[in-house]
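S.K.: compute the structure for the input listed below.
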Amino acid sequence: MSRGYIIGSISVSDPEGFKHYVAAATEAIQHHGAKSLVRGGRCEILEGEGLTRNVILEFESYDKARSYYYSPEYQAAMKHRIGISLANIIVVEGA
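M.R.: Reported below is the predicted structural model:
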């Protein structure tokens, strides 16, 4: 079975407020058994209009990745970043 990945690129306008999102999202990630491959860290935009905070989460399957995003736990966490960040988030099926 192929794995599923949530890939997010985020630009944060309120780093202090964003800490509430990170804490709540961490709980949701753990609850859904995801593996964090990338969460923040140094980045360099080589092409296009990328955002400066990047996240890659690995799940057992594409369906589990989708379920995480639409779960009550993540939807509650997401409310903490609305208005203080801009995000591009996708789900991808991979090896």
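
S.K.: and stretch 29-42, what's buried?
M.R.: Using 16 or more other CB atoms under 10 Å as the test for burial, stretch 29-42 gives 29, 32, 34. Placement of C-beta: from N, CA and C, glycine included.

S.K.: tell me the one of those residues nearest residue 72?
M.R.: Residue 72 lies nearest to residue 32 out of the buried residues of stretch 29-42, by CB to CB, at 11.1 Å.

S.K.: where does the nearest residue to residue 43 once chain neighbours are set aside sit, in terms of helix or strand?
M.R.: The shortest distance from residue 43 to any non-neighbouring residue, by CB to CB, 6 or more residues apart in numbering, is to residue 54 (5.6 Å). Take DSSP states H and E as the rule and residue 54 turns out to sit in strand 53-59.

S.K.: how far does that strand sit from the chain's center?
M.R.: How far strand 53-59 lies from its chain's middle: 5 Å, per CA atoms, centre = their mean, to the nearest Å.

S.K.: rewinding a little: measure the residue nearest to residue 43 to residue 28 for me?
M.R.: Separation of residue 54 from residue 28 (CB to CB, to the nearest Å): 18 Å.

S.K.: same check, this time on residue 63
M.R.: Residue 63 sits 16 Å away from residue 28, going by CB to CB.

S.K.: neighbour count for those two, which is higher?
M.R.: Applying other CB atoms under 10 Å to residue 63 and residue 28 shows that residue 28 carries more neighbours, namely 20 against 13.
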